[in-house]
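Trainee: Model the following, please.
(2 chains)
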Amino acid sequence: MSAYRLGAIKGAIEKGLIFLSGHLDDSEKQLKPPAELADLNQIEKFPGILIRSGREWQNPSHPVVGYADFFLKGHFSMRHEIEDAINSFREAIKKIKGVVRIAYSFSDESVIIWTFLKKFNRKSLYQIYEIEKNVTEKYRSITFDFSTFFSPTRSIPSDFKQEELA
Amino acid sequence: MTQVERHKNQATRNEEFHHLAKDNSYFDWAAVSLFYAALHYIDGYFFLKLKTRPKDHTNRGKMVSQVKDLKNIYGQYRFLFDVSRNIRYDFFRPSKKELEDLYNKEFLAVKNHLLSLY
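Mentor: The predicted structure follows:
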């Protein structure tokens, strides 16, 4: 089992979103799911999904495994990674002179980030691009769509979140 | 004419239009044409080396930032992109000096780098 999958499953168990049951292999046992959640009889009491090991786990086309993969990659691990990337970008960008706010929107494996400058400034722009490069390099599985605007009051689409930085 | 030659030809035409627009004081469109000239040099490179072309601006930006040969012109490419976008949608008007800087510092850096890779 990959470190990626182990991490994702561990996080999901901690949030009570998935349960492990059946025969667990050595790496799965290290996850130490709460005993009461490992009991098949308890499953209906909790929202979420069941991941079983053994034959079902080995079969990627099994609906349980397929749903688990979809859930873990699309709705847990990637969202966490995208939020982490946005936080990382924000912390770096707010130190740049003239940056007044950022706005962003994300879905699945992509994120749109807009940075707003007080006015056109060559030096600040190149500092922003350096941060973009670092974030892109660090979070390679995410597709970033960066733009910088030279107007602090520029409007944003209704589905964007925005944060004032100055 | 090959696909790569078509990209280079379009890049040259866009650069020629840049000079025409600049000479007639349309500094905004002179700047926009530099971005599209740079774009065609980049797309020509992708076709030559990878036999593909970016599907949109997002994909192109990602490829420029991650392809080893192009990483060091990411800043200049992004600069041209942002200036072009701010002109087209947000009324940004570069001064003559800013336009000349854009040509000398960003556009020529992208053009010369790409031509050295062809």
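
Trainee: measure stretch A:130-150 end to end?
Mentor: Chord length of stretch A:130-150, first to last residue, is 18 Å (C-alpha to C-alpha, to the nearest Å).

Trainee: hmm, it touching chain B?
Mentor: Yes: interface with chain B: stretch A:130-150 contributes A:130, A:132-133, A:136-137, A:140, A:143-150 (C-beta under 8 Å from any C-beta of the partner chain). Every C-beta, even on glycine, is put in place using the N, C-alpha and C of the backbone.

Trainee: buried stuff in stretch A:106-115?
Mentor: Residues of stretch A:106-115 classed as buried: A:106, A:111-115 (neighbour count, 16 or more other C-beta atoms under 10 Å in any protein chain shown).

Trainee: Of those, which is the nearest to chain B?
Mentor: The nearest member of the buried residues of stretch A:106-115 to chain B, counting by C-beta to the nearest C-beta, is A:Ile112 at 8.2 Å.

Trainee: Helix or strand for the closest one, just tell me which one.
Mentor: A:Ile112 belongs to strand A:110-117 when elements are defined using DSSP states H and E.

Trainee: helices or strands next to that strand in the packing?
Mentor: Judged by 3 or more C-beta pairs under 8 Å, 6 or more residues apart in numbering or on different chains; DSSP states H and E, the packing partners of strand A:110-117 are helix A:78-93, strand A:99-107, helix A:122-138, strand A:143-149.

Trainee: which of the residues of stretch A:130-150 next to chain B are buried?
Mentor: Listed as buried from the residues of stretch A:130-150 next to chain B are A:132-133, A:136, A:143-150; burial here means 16+ other C-beta under 10 Å.

Trainee: pull the helix or strand with minimum mean pLDDT from chain B.
Mentor: Each helix and strand of chain B was given a mean pLDDT (mean pLDDT, DSSP states H and E); the minimum falls on helix B:57-66 at a mean of 91.
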